[in-house]
Each structure stands twice: as C-alpha cells, then as structure tokens.
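Undergrad: model this:
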Amino acid sequence: MAEVDIESRGGRRVKRTSCDNKNPSDSQWTLWLVPLFVASNIVVFVVVMYVNNCPEHRHRRTRLSGECVATFLGRFSFEPLSENNLFGPSSSTLDKSGALEWVKVVINHQVWRLITCMWLHAGVFHLLVNMLGLLLIGIYLEKQFGFVPVGIIYLLSGFGASVLSSLFIRNGISVGASGAVFGLLGAMLSELITNWTIYRKKLVTSFILLAFIGINLAMGLSPAKHVDNFAHIGGLVTGFLLGFVLLSRLEHQNLPAGARLKSKYKPYQYALGLVSLVLLLVGFAVALVMLFRGENGNDHCRWCRHLTCVTTTRWYCSES
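TA: Residues are numbered from 1 along each chain as shown. Next up is the predicted model:
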C-alpha cells in the first residue's frame, strides 16, 4: 500500500492509503496449503516408487527386457528408459495406484480415478517441473488471496483436466498434477485481467505469463508417456474461469483528505465473474454428461488430436 496522508481525527492519528499505481498487496495470509500440496505429491511419488520395486518385479518376470535405472536406489530404482523415459515407475504400477484410464472410469465406474490421478506423476522430471510451477505460482496466489480460493482452484482445475483428458484419450493412461498447476496459471492470467488497473508493468507481466503457458503447452506436443495437453488445456480453462470468480480485488476510491475511504468492485468485475461462473457450470455439466454417456471427444473435434502430439522429424505420433 502506498501512503497517502496522515490526518488527525478526534485526537487520533489516522493513516490513509491508496492502491493507485501499485503492485498487488503484500501478504496478508499465512502460507500453508501450497507447501502441503507439494509435500503430498512428493510423498505419494515416494510411496508409488516403493510399491513399484523395479528390481523385484523385473527379476520375477524374466521376459522383460532392459535393466532398472539407478539400481543403487534399491527398490526405488526407476524403470528402463525404454518403458518410462521420465525416470519413474511402470505403467502397471501407475494404473494400480489410480491413474486415469477411460475404460476403468466409464465402463468400470471407477470415478475416483478422476481425483486420484492428479496426485500421481510419471517420473522424477515430471514431478520436479510440476512442483516448481506449483511453488512459484501457488505461493504467490495463496499469499495474496488465502488458502480457500487457491485450494478450490487447484482441486477443481485438476478435476476439469481429468474430465477433458478422459473425453479425448481412450488408449493408455494419464497422470500428474499438471492440470491443477495449469489451473493456477489460468487463474493468475484472469486475475491479471480483472485487476488490470492496480498493476504496474502490465505488458511485461502479461508477456511472461503467456510465454510460460505457451512453453509448457509446446512441451505437451511431444509424445511423452502418460502426459497429455488435454489435461493441460482442461486445467487452464477451468482455472482461468475460476480466477474471474474468486480472485477479484477490491479497488479503493481516491477521496479528498478527511473523507471516508471506500472500497468496491468494478461493474466489469461483477460481469466477468457472473459470465465465468455460468460457463464453468455449463461446461462441467456438458462434459460430464458426454463422458458418462461414453462419447468420444475426437468424434466432435477431428483436429483436436493434434493438440496433444505433433509429428516432427524427431518423433512420430500414432493416431491412437
């Protein structure tokens, strides 16, 4: 807050402040939820690697080719890079741990996989990238807005990512907190838009945020196993809409000295919040109905398969 003036009122000294031409306000909230999310993801990954036990299951199934990576880690060693190039567990272990798979969600009615998959990671690199993004973005948002909106955005964005991924990915499994992290990215973008008037260096902030989103979406165009851009996009869109609903800031009026300081939301903030809430509710309803009716999203969007993988001279993307 930038100090405006200090006046005497009834024998008391009263400091008046203004939000003009400032960066977002300093932290007013105790930080605990984002560190808890990070710790939970790390603990789950360690447990999954313990259960995976690469040396043991490859010894029992001698027909498997390739050696475990980093055998000095014992049962925590990684699967051969031919099976998992992200240094992580096997596909079967991820599946048993609650990874997202269309057949098991829709046909076998294991709806809980829409939630459990967002706590799983395909490998160490996948985990590190997601946790770095969660720390950088989540800590900022929790400091500014508190744990309630950040928690809602993180969890609902992860759920939205799972739903969209299930609509388009029929073969294979999907895991990761990427969708939830992208939700925080989307929320930060909408927060920048709805609170545009209180930011300095608007264009620089916008460029950095859009570049970060673009780079991560571009990385999702590679055929990395168990990671897909549909989850990224689903989380991004969900978080973007939730940001308009949950992350609007009060804008303080500039009043003469001696006048009472008032705060209010702008009309466009109300409008953006209402429209976003309607789109969010309708989008979730339509997507869930389509999913549990067994519809394939690719039948309604023939070109959408290119959003998650693009064939280049360095790799090939199969039609499945």
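Undergrad: measure residue 177 to residue 235 for me?
TA: 9 Å (CB to CB, to the nearest Å). Any C-beta I mention is one placed from the backbone N, CA and C, and that applies to glycine too.
Undergrad: What of residue 119?
TA: According to CB to CB, residue 119 and residue 235 sit 14 Å apart.
Undergrad: Comparing those two, which shows the higher neighbour count?
TA: residue 235 (33 against 20; other CB atoms under 10 Å).
Undergrad: quick one: the more buried one is in a helix?
TA: Yes - assessed with DSSP: H, G, I helix; E, B strand; the rest coil, residue 235 lies in a helix.
Undergrad: rewinding a little: quick check: neighbours shared by residue 177 and residue 235?
TA: residue 158 (CB atoms under 8 Å, 6 or more residues apart in numbering).
Undergrad: ok, the spatially closest residue to residue 79 that is not a sequence neighbour - contacts?
TA: Nearest residue to residue 79 in three dimensions, chain neighbours excluded: residue 90, at 5.0 Å (CB to CB, 6 or more residues apart in numbering). For residue 90, the contacting residues are 52, 54, 57, 79, 83, 84, by CB under 8 Å, 6+ apart.
Undergrad: now, the most widely separated pair of the residues you listed?
TA: The span of these, defined through CB to CB, is set by 57 and 84 at 13.3 Å.
Undergrad: hang on, the earlier thing: lowest-confidence entry in the contacts of residue 90?
TA: Here the lowest pLDDT out of the contacts of residue 90 sits on residue 57, with 82.
Undergrad: So between residue 57 and residue 84, which is more surrounded?
TA: More crowded of residue 57 and residue 84, by other CB under 10 Å: residue 84, with 23 against 17.
Undergrad: doesn't residue 124 make contact with the more buried one?
TA: No - using CB atoms under 8 Å, residue 84 makes no contact with residue 124, being 10.2 Å away.
Undergrad: and for these two, which residues touch both?
TA: residue 78.
Undergrad: Quick one: the helices in the chain, in order.
TA: 33-52, 54-60, 91-96, 102, 113-116, 124-133, 139-145, 147-168, 178-194, 202-219, 229-246, 267-292, 297-300 (DSSP state H).
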